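In: Here's a sequence, model it:
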Amino acid sequence: MKYEPLTFTIPVLDGISADTIENHLALYRGYVKHVNLINDKITAYSSDPENNAFAIAEMQRRLGFEFGGMRNHEYYFSQFEDGAKPLPEGTLRRKLETQWSSVEAWQLRFQEIAKTRGIGWAMLYHDPHTDQLVQTWVDEQHIGQLADLDIVLALDMWEHSYLRDYLSADKGKYVEAFFNNLNWEIVSDRLV
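Out: Predicted coordinates for the structure are as follows:
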């Protein structure tokens, strides 16, 4: 199976430059390319698994990183499509208010997660088993991704997401810009 990069209709964003978005999209397309290359190599090397066991194992390990990078970015970029829109009434708003007392209280906690030292993602998930929201930090693209939970909100905290616009010490301003540009309707629709 071949993956194709998705296209996104992202308007001019407030606080996140077009240059940052274009370079970030190029990085995303690289993840898609590498997922396909790795899958092709695994298939080719699998014709002689005994002699290629090490190479196959290493490519399988790398596939998790590349695939996570591909999919996480698809969530990330789609959140900006059609411009900023407020969080509508509905399931997501109710869950945020129930679990954190208010949307504002939840957002403050999520922003603290986003400021975690290192490279990775701040993620908000829905746990279909308990019907609860869960948020956490994910290292790199894949380490700490929570199993069998659905991504509701994905915030990329790798330096490529903000360093063209903000110094490392000011990454909190990038987090604010991210929230100011979110299309909450798209995010809310992920929680049916």
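In: ok, Phe67 - how many residues close by?
Out: 19 (other C-beta atoms under 10 Å). In this view, the C-beta of every residue, glycine as well, is placed from N, C-alpha and C.
In: so it sits in a helix?
Out: Yes - looking at Phe67 with DSSP: H, G, I helix; E, B strand; the rest coil, it is inside a helix.
In: show me the contacts for it.
Out: By C-beta atoms under 8 Å, 6 or more residues apart in numbering, the residues touching Phe67 are 31, 35, 141-142.
In: and the two most separated of these?
Out: Across those, no pair lies farther apart than Val35 and His142, at 12.2 Å, counting by C-beta to C-beta.
In: Just want the phi and psi numbers for the closest residue to Tyr28 other than its chain neighbours.
Out: Of all residues not flanking Tyr28 in the chain, His73 sits nearest, at 4.1 Å (C-beta to C-beta, 6 or more residues apart in numbering). Main-chain torsions, His73, degrees, to the nearest 10: phi -70, psi -30.
In: Check whether Gly83 really touches Leu182, as I assumed.
Out: No - contact criterion C-beta atoms under 8 Å: Gly83 and Leu182 do not qualify, at 9.7 Å.
In: Comparing those two, which residue is more hemmed in?
Out: More crowded of Gly83 and Leu182, by other C-beta under 10 Å: Leu182, with 19 against 14.
In: looking at it, the more buried one is touching Gln79, isn't it?
Out: Yes - with contact defined as C-beta under 8 Å, Leu182 counts as touching Gln79 (5.5 Å).
In: Pop the domain breakdown of this structure in here.
Out: Listed by automatic domain parsing, the domain ranges of the chain are 18-78, 91-189.
In: Okay then, goodbye and thanks.
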